[in-house]
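A.B. asks: here is a sequence with its predicted model. Questions after.
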Amino acid sequence: MRRRLEDQEFPAGSDPPSDLCALPELTERALLESLRARFRQEKIYTYIGSILIVINPFQFLPIYNPKYVKLYDNHTLGKLEPHIYAVADVAYHAMLQRRKNQCIVISGESGSGKTQSTNFLIHHLTALSQKGFASGVEQIILGAGPVLEAFGNAKTAHNNNSSRFGKFIQVNYQESGTVRGAYVEKYLLEKSRLVYQEHNER
Ligand SMILES: Nc1ncnc2c1ncn2[C@@H]1O[C@H](COP(=O)(O)OP(=O)(O)OP(=O)(O)O)[C@@H](O)[C@H]1O
């Protein structure tokens, strides 16, 4: 079996599955090989069932424009290439259909792209609700970010603009599905940074 997996390294040109549940073997090696092969093709998003894995590309990719907002509007998860917009879309439509609150948890190590992913999610959630593109509400919600960052972000060894606090963002909708506003709650601010930082931090 081990031999088979070693042979299975994805050569350039072959396509690993977009949902890792489709792998014949769910070993750490097979998972990492698949993610690496997809990343080489600039596919930073991969599903494991309904979980979305993101690998930070540290470069701009042209996959967040209005064309993509439209593409991922009201589709079934897994029908299209994995994308952060797909996750936002599923949550939005599940909320409308089931009339129940939806929750998306974003986690990862420092510098992995959590803040950036949050911004993409909010962008898509508000764009869906406006049935168009960027709206005033989106700008107001995203505009709160830099203000909070001015108080709670700092340079660390892993990230020049690292959030030193957690955020719980609640986006509120009217029954029609239009965004009404948002509420941001901060938690676990790293207060110790005020009096002590490592030599390459601030
Ligand atoms: N999808 C993406 N496309 C392009 N660049 C990205 C993407 N996600 C993250 N980045 C880059 O990685 C940097 C770090 O990302 P971000 O600040 O979102 O990480 P984080 O997980 O919130 O970090 P921390 O936990 O330290 O706050 C960003 O400033 C951006 O340059």
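C.D. replies: Nice, thanks for sending it over.
A.B. asks: need the three-state assignment for the residue most central in space within the chain.
C.D. replies: A centroid search over the chain (Cα atoms, centre = their mean) returns residue 117, at 3.4 Å, as the residue closest to the centre. Applying DSSP: H, G, I helix; E, B strand; the rest coil to residue 117 yields a three-state assignment of helix.
A.B. asks: next one: the one 3 residues further on
C.D. replies: Three-state secondary structure (criterion: three-state DSSP) places residue 120 in helix.
A.B. asks: swap in the one 5 residues further on?
C.D. replies: At residue 125 the chain is in helix, as set by three-state DSSP.
A.B. asks: next SSE downstream of the least confident helix or strand in the chain by mean pLDDT?
C.D. replies: For the chain, using mean pLDDT, DSSP states H and E, the weakest element among its helices and strands is helix 2-7, scoring a mean of 41. Stepping forward along the backbone from helix 2-7, the first helix or strand reached (DSSP states H and E) is helix 28-40.
A.B. asks: does the ligand have contacts with that following helix?
C.D. replies: No. Contact between helix 28-40 and the ligand is absent, the nearest approach being 12.0 Å (criterion: Cβ under 6 Å from any ligand atom). Glycine gets a C-beta too; all of them are placed from N, C-alpha and C.
A.B. asks: I'd like to know which elements that helix is packed against.
C.D. replies: Helix 28-40 sits against strand 45-48, with contacts defined as 3 or more Cβ pairs under 8 Å, 6 or more residues apart in numbering; DSSP states H and E.
A.B. asks: buried residues of whichever strand or helix holds residue 52, list them for me.
C.D. replies: Element membership for residue 52 (DSSP H and E) is strand 51-54. Of the residues in strand 51-54, those with enough neighbours to count as buried (16 or more other Cβ atoms under 10 Å) are 52-54.
A.B. asks: close to the ligand: what parts of this protein are there?
C.D. replies: Within reach of the ligand by Cβ under 6 Å from any ligand atom, the chain has these residues: 56-61, 108, 110-116, 158-159, 161-163.
A.B. asks: buried members of the residues you listed into ChimeraX, please.
C.D. replies: Written as a ChimeraX command, the selection of buried residues from those, which uses 16+ other Cβ under 10 Å, is:
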select :111,112,113,114,115,159,162,163
